[in-house]
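J.: okay, predicted coordinates and the sequence, questions at the end:
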Amino acid sequence: MNKSELILRTPLIIRFCHWVMVCLFILTALSGLSLFFPSIKLFGLFLGTPQLVRALHPFLGCVVFVLLMYMFARLVAHNIPSRADILWIKNIKEVLKGNEGGMPIGKYNVGQKFLFWCIMSLITVLFITGLIMWRRYFADYFPIEVVRIAIFFHSLAAIGLVLLAIGHAYMAIWVKGSIKGMITGYVSRAWARKNHSLWYQKEMQKKFKQEVLQNRSAKTEPKTELK
Ligand code: HEM
């Protein structure tokens, strides 16, 4: 497809962050599971010795947290609830049937915004409780009751985040073209118009303004005379 027919949806740095974070998230989740269920030997086969897993898990978790916080800073403006979202919620039945077309949807729809806030909240809970229960550096500074409460909420948040991540990946597969967009960075105009019409309109206005400015500067540029 001609590149002028495509719209940049996700810049390279955010895509890079997302996919590195996904790989590390899977490793963190698997290492966390193997710490909770040491009797399941399968994890040990490809994650290394239990000592290595115990040492690596918190560091992996910290990197996932930092990457997600970067994504938070870059994407939060597009995930603020707006008035247009009410229509999406009212028409949830049609949305579930795949008839979103024509609804005024910004860069992300209500489902994506909800997931965004849940993911960011749960990773924050995981980070804080993880620090409290990190025996090597911090756990000694807290009473045992606090560490136990932290372990409880760490486990709950971990289960919640894994389930959300699975739901998120499923939705990404369901909306055709969305994974390709997160890999190449670009989506087609038709995709944008169908799935995120408000965002599409704004992008088109930006493009139009850019073209007008370019044309104006081309006209006002002094012509070089041929001698
Ligand atoms: C194999 C698993 C995954 C796939 C296939 C996937 C796919 C995607 C896709 C296609 C998008 C862009 C959506 C769009 O442009 O409309 C996206 C965005 C995003 N993903 Fe993933 N993802 C996966 C795992 C994860 C995980 C594990 C997390 C975090 C725990 C995550 C967090 C995010 C966030 C925060 C966004 C931005 C969405 C927003 O700002 O509302 N993803 N993902």
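T.: Now that the structure is in, tell me what you want to look at.
J.: low-confidence ranges, this structure, go.
T.: 222-227 (pLDDT under 70).
J.: residues from it in reach of the ligand?
T.: Within reach of the ligand by C-beta under 6 Å from any ligand atom, the chain has these residues: 9-10, 18, 22, 25, 71, 75, 79, 108, 112-113, 116, 119, 161, 165, 168-169, 172, 178-179, 181-182. Backbone N, C-alpha and C define where each C-beta goes, glycine included.
J.: which among the residues you listed end up buried?
T.: With neighbours counted by 16 or more other C-beta atoms under 10 Å, those contain buried members at 9-10, 18, 25, 71, 75, 79, 108, 112-113, 116, 119, 161, 165, 168, 178, 181-182.
J.: can you flag which of the residues you listed belong to helices?
T.: 18, 25, 71, 75, 112-113, 116, 119, 161, 165, 168, 178, 181-182 (DSSP state H).
J.: just send the residues you listed back as JSON lines, with distance to Leu52 too.
T.: Listed next are these as JSON lines, based on distance: C-beta to C-beta, whole Å:
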{"residue": "His18", "distance to Leu52": "27"}
{"residue": "Phe25", "distance to Leu52": "19"}
{"residue": "Met71", "distance to Leu52": "28"}
{"residue": "Leu75", "distance to Leu52": "34"}
{"residue": "Gln112", "distance to Leu52": "36"}
{"residue": "Lys113", "distance to Leu52": "38"}
{"residue": "Phe116", "distance to Leu52": "33"}
{"residue": "Ile119", "distance to Leu52": "27"}
{"residue": "Leu161", "distance to Leu52": "23"}
{"residue": "Ala165", "distance to Leu52": "24"}
{"residue": "His168", "distance to Leu52": "29"}
{"residue": "Ser178", "distance to Leu52": "36"}
{"residue": "Gly181", "distance to Leu52": "36"}
{"residue": "Met182", "distance to Leu52": "31"}
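J.: quick one: which of these is nearest to Ile86?
T.: Ile86 has its nearest neighbour among those in Lys113, at 12.6 Å by C-beta to C-beta.
J.: nearest residue to the closest one in space, ignoring adjacent ones along the chain?
T.: In space, and not counting its chain neighbours, Lys113 is closest to Asn79: 4.6 Å by C-beta to C-beta, 6 or more residues apart in numbering.
J.: okay, that neighbour and Tyr108: tell me how far apart.
T.: 6 Å (C-beta to C-beta, to the nearest Å).
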